[in-house]
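**Q** here is the input, now give the coordinates:
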Amino acid sequence: MASKFAPGDIAYAKDGRSYTVEDVDAGIVYCRGSNGAEADFPEAALSTEAEWSARSSGRRDVSYARLKQASVYKAAGVRLDRAAAAQLLAKLQRLSPGLIDFAAFTVASRAMTENGDSDLVGELSIVKCRELFDAATPEVRASLLANLLSTPPAVLVDAARLGDNLMRAMLEKGLAPHTEAFEAFGNRRRR
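**A** Numbers count the residues shown, from 1 in each chain. Here you go, the predicted structure:
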């Protein structure tokens, strides 16, 4: 059976990434990505340019499974006490509703941008970003929040053991560079 791909054709994976076909052999399409990486796919897993453009205007879909694999959700570089990190997360949720959603969305946006998918950031679901964020360990989540607030993770976690006023002051200072983004995020439709 003849293949729908020939060497030099552009093939699209299900996530929308495009590849240049180098060879087709026994139903396997050997390709090269725009970054030079080689890949091979079963022919049925790829679309031609015509098939791709006919499919829902050719927009790529946000891949939450691929986003979950991003390095930011892996183990934190700083060792933190798990119970103290969980206490911090609970305190932040109480003192600043929406902050953890904002952090989850911001982390996912940055990961998408690093993956070269910045055009898909507008399609991110706050609910799904929060699910990804919540799936990480408390230590990782505390580190991600500390990074967002430009505070060393250990300092932020230790501050959770102190009073609410100190934590509010740290939040205010840490969120200052993100004020406009945080306010705009508050107006974003939660889906």
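**Q** going forward, measure contacts between C-alpha atoms and count neighbours the same way
**A** OK.
**Q** which helices and strands sit right next to the longest helix along the chain?
**A** What stands out as the longest helix in the chain, according to DSSP state H, is helix 99-114. Judged by 3 or more CA pairs under 8 Å, 6 or more residues apart in numbering; DSSP states H and E, the packing partners of helix 99-114 are helix 64-68, helix 82-95, helix 126-135, helix 138-148.
**Q** how about the first one: buried residues?
**A** Residues of helix 64-68 classed as buried by neighbour count (16 or more other CA atoms under 10 Å): 64, 67-68.
**Q** gap between stretch 153-165 and the chain center?
**A** 27 Å (CA atoms, centre = their mean, to the nearest Å).
**Q** against E22, how distant is N165?
**A** Distance, N165 to E22, using CA to CA, to the nearest Å: 62 Å.
**Q** who has more neighbours, those two?
**A** E22 (18 against 10; other CA atoms under 10 Å).
**Q** which phi and psi values does the closest residue in space to the more buried one that isn't next to it in sequence adopt?
**A** Leaving out its chain neighbours, the residue that sits closest to E22 by CA to CA, 6 or more residues apart in numbering is P7, at 4.7 Å. Taking degrees, to the nearest 10, you get phi -50, psi 130 for the backbone angles of P7.
**Q** now do the phi/psi pair for the residue lying closest to D40 once chain neighbours are set aside.
**A** Spatially, and ignoring its direct neighbours in sequence, D40 is nearest to Y30 (4.4 Å; CA to CA, 6+ apart). For Y30, the backbone dihedrals (degrees, to the nearest 10) come out as phi -100, psi 120.
**Q** burial count for Y30?
**A** For Y30, using other CA under 10 Å, the count is 19.
**Q** V21 is in contact with that one, correct?
**A** Yes - with contacts counted by CA atoms under 8 Å, Y30 reaches V21, the gap being 6.0 Å.
**Q** hang on, V24 in a strand?
**A** Yes - per DSSP: H, G, I helix; E, B strand; the rest coil, V24 lies within a strand segment.
**Q** tell me the confidence at the residue nearest the centre of the chain?
**A** The centre of the chain sits closest to A108, judged by CA atoms, centre = their mean, with a distance of 2.7 Å. Per-residue pLDDT puts A108 at 91.
**Q** apart from its neighbours in sequence, what residue is nearest it?
**A** C129 (6.3 Å).
**Q** what count of nearby residues applies to the one you found?
**A** Neighbour tally, C129, other CA under 10 Å: 23.
**Q** ok, it - contacts?
**A** 101, 104-105, 108 (CA atoms under 8 Å, 6 or more residues apart in numbering).
**Q** pipe the residues you listed into a markdown table and attach distance to V140 per row.
**A** Output for these, formatted as a markdown table (distance: CA to CA, whole Å):
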| residue | distance to V140 |
| --- | --- |
| D101 | 15 |
| A104 | 12 |
| F105 | 15 |
| A108 | 14 |
